[in-house]
Structures are given as C-alpha cells and as structure tokens.
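In: following is a predicted model, sequence given first.
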Amino acid sequence: MSKSLKLYAGSAVGTVLMLTVALNFADRLIPEHAESYDRMAADSDPDFALIARAQAAAAYADAPFGLGRPALEEEIAAWDLDVSPDGTGLPVGSGDVFTGEEVFIENCAVCHGDFAEGRGNWPKLAGGDGSLADEDPLKTVGSYWPHLSTAWDYVNRSMPFGNAQSLTPDEVYGIVAYILYSNYLVEDDFVLSNENFTEIVLPNADGFIIDDREESEYAIWRAEPCMENCKDTVEITKRATVLDVTPDEEVTEEALAATEEEPVQVAAADPAPAEEAPAATPAMAIDQALADKGEKVFKKCKACHKVGDGAKNGSGPQLNGIVGRSVASADGFKYSGAMVDYGGEWTPERLAAFIAKPKAEIKGTKMSFAGLKKEDDVAAVIEYLKTFGQ
C-alpha cells in the first residue's frame, strides 16, 4: 500500500470514529417521548410550553403536512375575545363615568390625555363632531366610529399600550362610559353595562355603506398591471397640504432656529385695572342661551374644577366668581409659580386666551387640558362661569 493510501485510510477511520461518538452523544440528548419536548420547553420558559407541545405532536402526527394538531377548546377560547355590534361576546359587568375617569387617567391619559383629547401623535378619542365633511376631519369614537362594540373590543383586547388585557371587564365598561361622556353622548351619572350596551347608538352609525367592490369594481382592477415605462414623465400633481409634509419652499436651519427663538406673544399683557373689571356677581348681564350651552361644554372641566354652592378645590381651583377675580386667588389652592407670576385679574379676554390655549398663554401652567378649539365653546364656558358669584 502506498504512503498516500495509508494516510487516506487513517483519515477515513478517524472521521468515522468521530462521527460515531458525535451520533451517540447527540442521541442521548434526544428525548424518547413527545412529552419530553413539552417538559424541556416548559422548564426553560413556560411561554413556550404550548409551542413545544404542538411541535412534539407534529413530529408524531399522521397529518398531510406533518405540522400542528387541532386546537383545544380552551386554547380557542383564550383568543376568542371579539365583541359584535349586537353585544355578542360581551361579559357580564358594568362601569360608571366617574370610576371610568379614574381608570382612564391612570391607564390611558398618558397617551390620550386626561379628557380623551389626545397627546402628541396619539389619537384623539373625543371631539370632531360635524367635522367629517371638512378637508381635515377629526375621526373619533364620537364623530366617526359606527359601533360602540368597536371601542369596547379594542380597549379590552389591546389596551393599555404595553400591558394589554390587564383590565377587568368592569374597568373596560368604565373607560368606555368615560369616552362616551367625553363626547357629550351621556351624562356624568351614566352607568354602562352588558344590559344597556346595545341601547347606545353612536352619531355616525348610519354613515357607512356595504363594501360591494368585489362585485362592482374588482373586475376593472384585474387587468395586468404595468410594471415598467408606464409614464413618459413623472410629475407632482398634488401636495399633502393638510398633513403639512410637503413644504412650499425650502426652510433653512437658520430660519427655523430664528422661528424657535421668537418670544411667545401673550394676549392682553396689560390687564385692565381692578376698578374697570366687570363685577363677578349674579347681577352681571347674562346671555342665558349661551350660558346653557356653556354648561354642556363645561363638562370637560368638571373633572378638575367645581362651581356652585359648596364648590371646593380639587386637582384644580374652584371657579366661583372667576370672571373678574384676581389670578391665583382661590383660598387653599397651591398654584404654580407661573400662574402666580401671571398676576392681574381674570378678565373675559384673558380667560378666553387661557381656556383656548392654556400652555401657550401661561408657560409652565400645571393645567394639563389642551384647550377648547372652538371660539364659540370658549365664549359659552365664560358666559356659564359668569352665572356663579363669589
């Protein structure tokens, strides 16, 4: 035997021995029974127990694709959480507006605001009434959604963000009740339950049509699509002006910096002298129709501010006699330094500027409310506040 053949034979024998040892070692690590897969997965991480069980069953199942197994009834039930518009799927429970407000502030306000008005890019859940025909409609539970079950199902299934399905049915009922209240659809003493759920009809319930595009339009779209050289030239025909993402002109960094450095103009910087301020008494001229409208709008404020006989400070000061009252003057309430520095008196003009844009009017205010968007609502609230004396 030549020297090269001897070397080849030696290498081959060595390789066979190594493979034999490796095979024997690996064989000891393979469980003999399907249950072992489940046990190993559960020991390492309980979340994988169900997956491991399915994999083990698949290894021994006589199925067309050799994968999976029929789902158990309890496994299906764990995923079957949907609620239908007719109330099918609703659990027994109830929740009132005030309890829902507490749960909402604790779990939802960080994204959706204390009053469901939305924060940053997080969606608004209230408002937008009558805006669907606008160029930039506000689509909320009150203005756009057709079924209350959509709100209940989504909160129950997916909220709060990062901790989904941690709420009890009663808490979900309460949150949905508070969302209805924030849209002026129920009163503050309303209680939502599985028994009266289907009695709530949202304003846009009839604003949707049946999607018949499969029968009426799909045939038009089924032609072979053009994949190259479809147009001689490509031109911009429209601009996303509503979203403010298509600038009309280039903005330099210097111009942007200059804009950011511009001081905020504060309306009515020189308050009227005290003797010229309207007296905050019941004798003040009142537009009663406007005040009645303001009472409804004031529901957005009632969570923090109280008015009327026996009104006390809450998370915000009581507002009796606020029109014409000195700023930061409610007894026993601890105001922010920014509010104290604002000073002067609450004239109707200053109140209007603050109610419309609190954080713009008083930098550093503790009030978290984003402000009333409509001038009519601002005027109505001030008229309503006029009806309460000191």
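Out: Nice, I can see it. It should be emphasised that the depicted structure is a prediction, and the values quoted were computed from it without experimental measurement.
In: ok, the residue lying closest to Ala311 once chain neighbours are set aside to Ala338 distance?
Out: Excluding the flanking residues, the one nearest Ala311 by Cβ to Cβ, 6 or more residues apart in numbering is Gln318, at 4.0 Å. Yep, even glycine has a C-beta here, placed from its N, CA and C like the rest. Look at Gln318 and Ala338: by Cβ to Cβ, to the nearest Å, they are 20 Å apart.
In: so which of those two has more stuff around it?
Out: The residue with more neighbours, out of Gln318 and Ala338, is Gln318; 20 against 14, by other Cβ atoms under 10 Å.
In: ok, the more buried one touching Lys306?
Out: Yes. Counting by Cβ atoms under 8 Å, Lys306 is a contact partner of Gln318 at 4.9 Å.
In: anything in contact with each of these two?
Out: Shared contacts of Gln318 and Lys306 (Cβ atoms under 8 Å, 6 or more residues apart in numbering): Lys312.
In: so the residue nearest to Ala311, which of the three states?
Out: Judged by DSSP: H, G, I helix; E, B strand; the rest coil, the three-state class of Gln318 is coil.
In: ok, it - contacts?
Out: Contacts of Gln318 were listed using Cβ under 8 Å, 6+ apart, and they are 305-307, 311-312, 330, 333.
In: restricted to buried residues, select those in PyMOL.
Out: In PyMOL, a selection of the buried entries from the contacts of Gln318 looks like this (16 or more other Cβ atoms under 10 Å):
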select buried, resi 305+306+307+330
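In: please identify which helix or strand holds the nearest residue to Ala328 once chain neighbours are set aside.
Out: In space, and not counting its chain neighbours, Ala328 is closest to Tyr335: 4.2 Å by Cβ to Cβ, 6+ apart. Here Tyr335, judged by DSSP states H and E, is contained in no helix and no strand.
In: touching, Cys108 and Met159? I think so.
Out: Yes. Cys108 lies in contact with Met159 (Cβ under 8 Å); the separation is 6.9 Å.
In: so which of these two has more stuff around it?
Out: A direct count of neighbours by other Cβ under 10 Å for Cys108 and Met159 places Cys108 higher, at 23 against 19.
In: tell me where the stretch 1-150 of the chain has helices.
Out: All helices of the stretch 1-150 of the chain, identified by DSSP state H, counting those that start in this stretch, fall at 3-29, 34-44, 49-60, 73-79, 97-107, 109-112, 148-158.
In: hey, least reliable of these by pLDDT?
Out: Lowest mean pLDDT within the helices of the stretch 1-150 of the chain: helix 34-44, at a mean of 43.
In: domains for this protein, by residue range?
Out: Annotated domains of the chain cover 3-79, 94-199, 274-386 [automatic domain parsing].
In: chain center to the longest one, what's the gap?
Out: Same thing as domain 274-386. Here domain 274-386 is found 27 Å from its chain centre; the criterion is Cα atoms, centre = their mean, to the nearest Å.
In: now do the second one
Out: Relative to its parent chain, domain 94-199 has a centroid offset of 9 Å by Cα atoms, centre = their mean.
In: ends of that domain, what's the gap?
Out: Using Cα to Cα, to the nearest Å, one end of domain 94-199 lies 14 Å from the other.
In: mind showing which ranges of the protein have poor pLDDT?
Out: For the chain, applying pLDDT under 70 flags the ranges 1-66, 240-284, 303, 315, 368, 390.
In: strands of that one, start to end?
Out: For the chain, the strands defined by DSSP state E cover 94-96, 191-193.
In: tell me which strands and helices the first one is in contact with?
Out: When contacts are defined as 3 or more Cβ pairs under 8 Å, 6 or more residues apart in numbering; DSSP states H and E, strand 94-96 packs onto helix 169-182, strand 191-193.
In: ok, which of those comes nearest Ala126?
Out: Ala126 lies closest, by Cβ to Cβ, to one member of the helices and strands packed on strand 94-96: helix 169-182, at 3.8 Å.
In: from Asp377, how far out is Ile355?
Out: From Ile355 across to Asp377, the span is 9 Å (Cβ to Cβ).
In: cool, and Ala151?
Out: Here Ala151 is placed at a distance of 24 Å from Asp377 (Cβ to Cβ).
In: next one: Lys334
Out: Applying Cβ to Cβ, the value for Lys334 to Asp377 is 28 Å.
In: the two: who's more crowded?
Out: Remark: of Lys334 and Asp377, Asp377 carries more neighbours, 19 against 10, as counted by other Cβ under 10 Å.
In: surely that one touches Lys299?
Out: No. Contact criterion Cβ under 8 Å: Asp377 and Lys299 do not qualify, at 11.1 Å.
In: list the contacts for Asp292?
Out: Tyr384.
In: for Phe298, same thing?
Out: 307, 381, 384-385.
In: return the closest of the residues you listed with respect to Ile179.
Out: Ile179 lies nearest to Val381 out of those, by Cβ to Cβ, at 21.2 Å.
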